[in-house]
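1. Predicted model and sequence follow; I will ask about them next.
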Amino acid sequence: MIKEATTTPLAPIPVSKGHWLLKNLPGMGKNILTHFYETEQKFGPTYDNPIPFMRIICTSEPDFMRYVLQQNHRNYKKGKSYDVLKLVLGNGLVTSNGQFWQKQRRLAQPAFHKKSLADLFDAMGEVAGDYFNSLEAKRGTEIDIAREMMAVTARIALKALFSDNSEEDMNAVYESMTDVQRYVSDVLNDPFARIKFPLNGRKKQFKKDMSVLNEVVLKAIAKRRESGEKHPDLLQMMMDATYEDSNEQMNDQQLRDEMITMFSAGHETSANGLAWTIHLLAKHPKIVAKMRAEIKAVCGDKLPGFQDLRQLTYIRQVIDEGMRLYPPVWGVSRTAIADDEYRGVKIKKDEVVFCLIYNAHHREDLFENAKTFNPDRFETAKVKAMPKMSYLPFGGGPRLCIGNMFALMEMQLLLVGLFQRFDFDLIKDQIIDMEALVTLRPRYGIKMNLK
């Protein structure tokens, strides 16, 4: 076990007792994000948040999160909440643990190297260009920018994964995935879901949706194997990859798990990050003007090429700041494999440490005027001065989201194209609320006038 250099003790940490029987379960079930944020305001950045039969240690302290996610990560695994995700994702990169995860990570990593991303960027640009042209038909109307971003990032992800699939199959994957993710989120957040869903038909519908999803993905894998054709997409890269120790390749079930995992993670983070960022930009015309000046200087009227992305520094700052205020990965939990201790806090085997990324991003001692949308705080010199692990929009440590660079270049591309051609005005008097599902979504969407 790696000992933390910081010696200032944390223990004893305060306990949020909650209900006499259900403890903190009612608050978490009502609004999990609000519960964790308001409890932190009451008790401080590290506290006990017990629920029946489980102790959860919540923290937004960068050093504590760094200890769990990076320095002593081998003692912490993804726990029971991720087991629910396995209903959809199988044993893919997001849900797997231990040596199997390490093998899969090493196998998948080359698909996200710079050369591979550059190859995928052209296909990404084609989908984006078609989308912007189709969006012209909606100019002058009301749109839900959250729904729009979910749709276009899904198309990009599907193109990157299965470049030769039909539009019909891609739509089937998108629709099925949307429904099964909602089911999984409800199972996670509703303590009585496992009782209700078999009775009200939700579980039966979930099985139907999963059947459609599996059929389309496995058909795509079989089609690729039978044809022997090579395509410049992630499916091909994963099919061609071989394990170092055995020189074997992934079987169909493993390919299925990784493809669905990449699709789920690959468009949700980008879509929600973009929707929240455009929502913020609609309130800050001066930032939009500065952004457009950079776009004109770097790209003119054309969409950016892969090499242009590094010059779009202010666009990247806008995205980073949007994800600080509305981090797609709003929190990550880890379960202790063995007894541990951090600065006097005893962590027993099977107890959970919940790293509250949203809370960390909104701490005034970490980010001055934390509630203010200010992309300038992500200038290079200021980023270097940030405490380590204080900014974690894609998680942190060895299990940092493998597709984070894919998501960032996708967000840059779409943000440039959208603000080259369109203006966005927020519809007044609408309720805009956060919903902390697997990612941080706008609960009711974000309605805008497209100009």
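-> Alright, I've got the coordinates. This structure is a prediction, so every number in the text was calculated from the model and none was measured. Numbering: from 1, shown residues only.

2. Phi and psi next, for residue 424.
-> The phi/psi pair for residue 424 (degrees, to the nearest 10) reads phi -130, psi 120.

3. bridging residues for it?
-> In this entry, residue 424 is beta-bridged to residue 450, by DSSP bridges.

4. contacting residues around it?
-> Shown in contact with residue 424 (CB atoms under 8 Å, 6 or more residues apart in numbering): 145, 278, 281-282, 418, 448-451. Using the backbone N, CA and C atoms, a C-beta is placed for each residue, glycine as well.

5. mind giving me CSV with the residues you listed and columns for neighbour count and distance to residue 71?
-> Formatted as CSV, those follow (neighbours: other CB atoms under 10 Å; distance: CB to CB, whole Å):
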residue, neighbour count, distance to residue 71
145, 24, 39
278, 24, 37
281, 20, 37
282, 18, 40
418, 23, 40
448, 24, 43
449, 15, 48
450, 19, 47
451, 10, 49
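
6. now, among those residues, which is nearest to residue 241?
-> residue 418 (34.3 Å; CB to CB).

7. is it true that the closest one touches residue 278?
-> Yes: with contacts counted by CB atoms under 8 Å, residue 418 reaches residue 278, the gap being 7.2 Å.

8. Any idea how many residues pack against the residue nearest to residue 172 when sequence neighbours are not counted?
-> Among residues not flanking residue 172 along the chain, residue 216 sits closest, at 5.1 Å (CB to CB, 6 or more residues apart in numbering). If you count neighbours by other CB atoms under 10 Å, residue 216 ends up with 19.

9. now swap in residue 376 and tell me
-> Neighbours of residue 376 (other CB under 10 Å): 11.

10. For the nearest residue to it once chain neighbours are set aside, list the residues it contacts.
-> Closest residue to residue 376 apart from its sequence neighbours, by CB to CB, 6+ apart: residue 317 at 7.0 Å. When contacts are counted by CB under 8 Å, 6+ apart, residue 317 touches 375-376, 378-379.

11. Tell me how far the spatially most central residue of the chain lies from residue 438.
-> With distances taken as CA atoms, centre = their mean, residue 269 lies nearest the centre of the chain, 3.7 Å away. According to CB to CB, to the nearest Å, residue 269 and residue 438 sit 10 Å apart.

12. which residues in this structure form strands?
-> Secondary structure of the chain, counting by DSSP state E: strands at 46-48, 56-59, 76-77, 142-144, 332-336, 340-342, 345-347, 352-355, 424-426, 434-436, 440-442, 447-450.

13. List the buried residues of the lengthiest helix in the chain.
-> Using DSSP state H, we find that the single longest helix of the chain is helix 252-281. Judged by neighbour count using 16 or more other CB atoms under 10 Å, the buried positions of helix 252-281 are 254-281.

14. repeat for stretch 211-227
-> Neighbour-count burial for stretch 211-227 flags 212-213, 216-217, 220-221, 224 (criterion: 16+ other CB under 10 Å).

15. Same question for stretch 367-385.
-> 367, 370, 373-375, 377-378.

16. okay, now the closest residue in space to residue 111 that isn't next to it in sequence: neighbour count?
-> Counting by CB to CB, 6+ apart, residue 237 is the residue found nearest to residue 111 once chain neighbours are left out, at 4.2 Å. For residue 237, the count of nearby residues is 20 (other CB under 10 Å).

17. Also the one 5 residues further on?
-> Applying other CB under 10 Å, we find 11 other residues in the vicinity of residue 242.

18. who touches it in this structure?
-> Counting by CB under 8 Å, 6+ apart, residue 242 touches 107, 248-249.

19. Drop anything exposed from those residues.
-> For the contacts of residue 242, buried by 16+ other CB under 10 Å: residue 107.

20. so where's the protein shaky on pLDDT?
-> 1-7 (pLDDT under 70).

21. let's see it at 80
-> 1-8, 164-167, 169-171, 178, 181, 185, 188-191, 266 (pLDDT under 80).

22. follow-up on the earlier one: now the residue nearest to the centre of the chain. Nearest residue, chain neighbours left out?
-> Counting by CB to CB, 6+ apart, the residue nearest residue 269 is residue 328, at 4.0 Å.

23. What separation do you get for that neighbour and residue 392?
-> Applying CB to CB to residue 328 and residue 392 gives a distance of 11 Å.

24. Give me the subset of the buried residues of stretch 367-385 lying in helices.
-> Among those, none falls in helices (DSSP H).

25. Turn the residues you listed into TSV, columns for distance to residue 59.
-> Output for these, formatted as TSV (distance: CB to CB, whole Å):
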residue	distance to residue 59
367	17
370	17
373	26
374	25
375	27
377	23
378	24
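
26. can you tell me which of those residues lies nearest to residue 187?
-> residue 370 (32.5 Å).

27. picking up where we left off before, the residue nearest to residue 172 touches residue 171, doesn't it?
-> No: contact criterion CB under 8 Å: residue 216 and residue 171 do not qualify, at 9.6 Å.
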